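Visitor: Task: produce atomic coordinates for the following.
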Amino acid sequence: MDPSSLAKRSLHPMSGRQRCFEKAESAAAGNPIQAALAKPQNRQEMQRIRKDWLRDWLWVGLMGIGMALWGGCGGGSTAEGTAESPSNPSSAEAVPPGPQLPAKPPTTARGVLEAMATAYRTASRYADAGQLRFYVRRGQEVLDEKVDFAVTFHRPNRLRMEAYQIKLVCDGKQLRAAIEDLPGQVLQVPAPPELTLKTLLSDTILAEVLSGGIAGGPPQPLLLLEKDALSQILAQAKEPELIEPGQIGEHQCYRVRIQQPQGGQIFWIDKKEYLLRRIEYPTEMLAAQFGVASKPEEIALVAEFHSATFNPPDDPKAFVFEVPAEAKVVKYFIPPDPRTLPDPARLLNQRIPDFKFTDLSGNPVTAKDLAGKVVYLDFWGPQCAPCRQMLPLVEKVYQKYKENPNVAFLAVSVAPPSMENKELQQIFAELKVTLPMVRDLEGHGSQMFMLQGIPASFLVGKDGRVQDYQLGLQQDLETQLPEKIEKLLAGQDIYQQAQAQFQEKVRQYEAALQRAIEGKPPEGLFQQEMEIPPAKLEPKTPP
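Guide: Here you go, the predicted structure:
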């Protein structure tokens, strides 16, 4: 695995439309928000993956870690000591009440966390300008990626948040939001009398992007808006541990270790104001994704909450959102315009990408090796249930053409390099599949073929042009595929039908955008795309 391939990509969540839902459901166990965002396994009868194969491993490994900050079932918290309000300001000028701080310093980790949660929950104002840093060193290779974020909040319903690819502003009258991956759309809904986390998660796509970064959802909204944030922070965790204190600049900090199934994370909490100054996220699962042979010497994922304060100065521009002139104001976000995505339809009637796969003997397999043949490529993954259903169907067609020198079949595994060949061969043995298998070890083919999910298949003519592609499980493959192969062997083109299907997707997008502008419910293809219910915050119960 090449750490540099993560540059400019690994910290940003993709649109929720491209999530690997089967894995997401596993990571979401015990987490009501993340579980609410996970899709059924048979959605469109395919398992979504991300555009960057490598980035998908990172996202899956860390999704459950950061999402502990956004929901979960866990033990309730008990306050240590008695809270009291800070002394009255000496100035006669009206000043919003500050946060409640403990009467005496807490002596336990839970007490420190409770004091922090109380301070955020009772603060009238809050602001920060922070940074999420992802650092990996492996030999001479170094990745040091940083992404800025910022939050400004005035209770009860004014908020500005810029995190990942989201810009969200609530001025007390209107809540507006924009997502980088959805250019041309600006969400605008009436502001509630009081902001809650549920408000921010009420839009399906906004919720998925907001919670889908490499470190999960930003913790500030949870701490500021939720009445029982601590139980969510401690979801599925062991009893927190107070470890050696530390210092960030002039700020003396408690350090609290929270051990969860995904690993341990450390909260740095200001001893004076109980502001969250830093989070060190666990990296064990992330490091394991590199494989034993390429495991990095150093790896870190850290959020720094620079300039965090409960007494920010007034900024007249803090809650101003300027809607771009070319943007469409919508009542809810819809998936992006198909024309702006790396859709496989762009490959139709084009020469096949110059891919490089690896067979199970370690030999390279390239497009040149298959020149002059009708080629069928089936991309699959070992944890993808629809893939396992489809492989036996492909096997039946393969048996018909395996002796034909003008036809080639390849089952392209997108499993990570850490998975051994014998594990993949065992899957084929269980399925009674004998298809020639190759591995996409570098993820090059997955990117070149613009995969939106697996299973995915491509059919290439003898002249090397892509003639057809299919996403998802194809129940009629045993009858449809031979017909297409025969046409290609006869020198006919078949790409026109797939092109027409893509144009229909564009038409449906334009219709869906108009419905979103008018506030009408989605329908057709985009109703299926948005069938995830809004995230809900359920009462927490002890595990």
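
Visitor: what's the offset of stretch 471-487 from the middle of its chain?
Guide: 32 Å (C-alpha atoms, centre = their mean, to the nearest Å).

Visitor: List the buried residues in it.
Guide: Buried positions in stretch 471-487, judged by neighbour count with 16 or more other C-beta atoms under 10 Å: 471, 472, 473, 474, 477, 481, 484, 485, 487. Bear in mind the C-beta positions are built from the backbone N, C-alpha and C, glycine included.

Visitor: Redo these as a markdown table? Include secondary structure and pLDDT.
Guide: Output for those, formatted as a markdown table (DSSP: H, G, I helix; E, B strand; the rest coil; pLDDT from 0 to 100):
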| residue | secondary structure | pLDDT |
| --- | --- | --- |
| 471 | strand | 89 |
| 472 | coil | 90 |
| 473 | coil | 91 |
| 474 | coil | 91 |
| 477 | helix | 95 |
| 481 | helix | 97 |
| 484 | helix | 97 |
| 485 | helix | 97 |
| 487 | helix | 96 |
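
Visitor: Which helix runs longest in this protein?
Guide: helix 495-518 (DSSP state H).

Visitor: can you list contacts of it?
Guide: By C-beta atoms under 8 Å, 6 or more residues apart in numbering, the list of residues contacting helix 495-518 from outside reads 185, 328-335, 337-339, 343, 345, 348-349, 465-469, 521-526.

Visitor: Can you say which of those are buried?
Guide: For the contacts of helix 495-518, a neighbour count by 16+ other C-beta under 10 Å gives the buried set as 185, 330, 332-335, 337-338, 343, 345, 348, 465-469, 522, 525-526.

Visitor: can you tell me which of the residues you listed are in strands?
Guide: Within the buried ones among the contacts of helix 495-518, residues falling in strands by DSSP state E are 185, 330, 466, 467, 468, 469.

Visitor: which of the residues you listed sit farthest apart?
Guide: Farthest apart among these by C-beta to C-beta are 330 and 467. That separation is 36.6 Å.

Visitor: Using CSV, write down the CA coordinates of stretch 166-175.
Guide: What follows is stretch 166-175 as a C-alpha-only set of coordinates in CSV (Å, rounded to 0.1, in the frame of the first residue of the first chain):
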residue,chain,number,x,y,z
ILE,A,166,-19.6,20.8,4.5
LYS,A,167,-20.3,24.4,5.1
LEU,A,168,-23.4,24.8,7.3
VAL,A,169,-24.8,28.1,8.7
CYS,A,170,-27.9,28.7,10.8
ASP,A,171,-28.6,32.4,11.5
GLY,A,172,-31.6,31.8,13.7
LYS,A,173,-34.0,32.2,10.9
GLN,A,174,-32.7,29.9,8.2
LEU,A,175,-30.4,26.8,8.2
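
Visitor: residue ranges for the helices of the stretch 301-450 of the chain, please.
Guide: Counting by DSSP state H, counting those that start in this stretch, the stretch 301-450 of the chain has helices at residues 385-401, 421-431, 444-448.

Visitor: residue nearest the centroid of the protein?
Guide: Nearest to the geometric centre of the chain sits residue 212, at 3.4 Å (C-alpha atoms, centre = their mean).

Visitor: pretty sure residue 181 is touching residue 336, no?
Guide: Yes. Look at residue 181 against residue 336 with C-beta atoms under 8 Å: they come within range, at 6.1 Å.

Visitor: Please compare the two by neighbour count and tell me which comes out ahead.
Guide: Ranked by neighbour count (other C-beta atoms under 10 Å), residue 181 and residue 336 place residue 181 first, with 22 against 19.

Visitor: Helix, strand, or coil at residue 216?
Guide: coil (DSSP: H, G, I helix; E, B strand; the rest coil).

Visitor: For it, grab the count of nearby residues.
Guide: 24.

Visitor: cool, residue 510 as well?
Guide: Using other C-beta under 10 Å: residue 510 sits among 10 other residues.

Visitor: and the gap between it and residue 118?
Guide: Applying C-beta to C-beta, to the nearest Å, the value for residue 510 to residue 118 is 49 Å.

Visitor: follow-up on the earlier one: for the longest helix of the chain, buried residues please.
Guide: For helix 495-518, a neighbour-count test (16+ other C-beta under 10 Å) marks 495, 498, 502, 505, 508, 509, 512, 513, 515, 516 as buried.

Visitor: repeat for stretch 171-191
Guide: Buried residues in stretch 171-191, counted by 16+ other C-beta under 10 Å: 171, 175-179, 181-182, 185-187, 189, 191.

Visitor: Please flag which of these sit within strands.
Guide: Here DSSP E is the test, and the buried residues of stretch 171-191 give 171, 175, 176, 177, 178, 179, 185, 186, 187, 189 as lying in strands.

Visitor: and the third one, what does it touch?
Guide: Neighbour list for residue 176: 168, 169, 170, 186, 187, 188, 321, 323 [criterion: C-beta under 8 Å, 6+ apart].

Visitor: repeat that with 7 Å
Guide: Shown in contact with residue 176 (C-beta atoms under 7 Å, 6 or more residues apart in numbering): 169, 186, 187, 188, 321.

Visitor: how close does it sit to residue 257?
Guide: According to C-beta to C-beta, residue 176 and residue 257 sit 38 Å apart.

Visitor: repeat for the first one
Guide: Distance, residue 171 to residue 257, by C-beta to C-beta: 39 Å.

Visitor: Count the neighbours of residue 354 for me.
Guide: For residue 354, the neighbour count with other C-beta under 10 Å is 11.

Visitor: Residue 450 now?
Guide: Neighbour count of residue 450, defined by other C-beta under 10 Å: 17.

Visitor: And the pLDDT at it?
Guide: Per-residue pLDDT puts residue 450 at 89.

Visitor: Leaving out the residues flanking it, which one is nearest to it?
Guide: residue 342 (4.0 Å; C-beta to C-beta, 6 or more residues apart in numbering).
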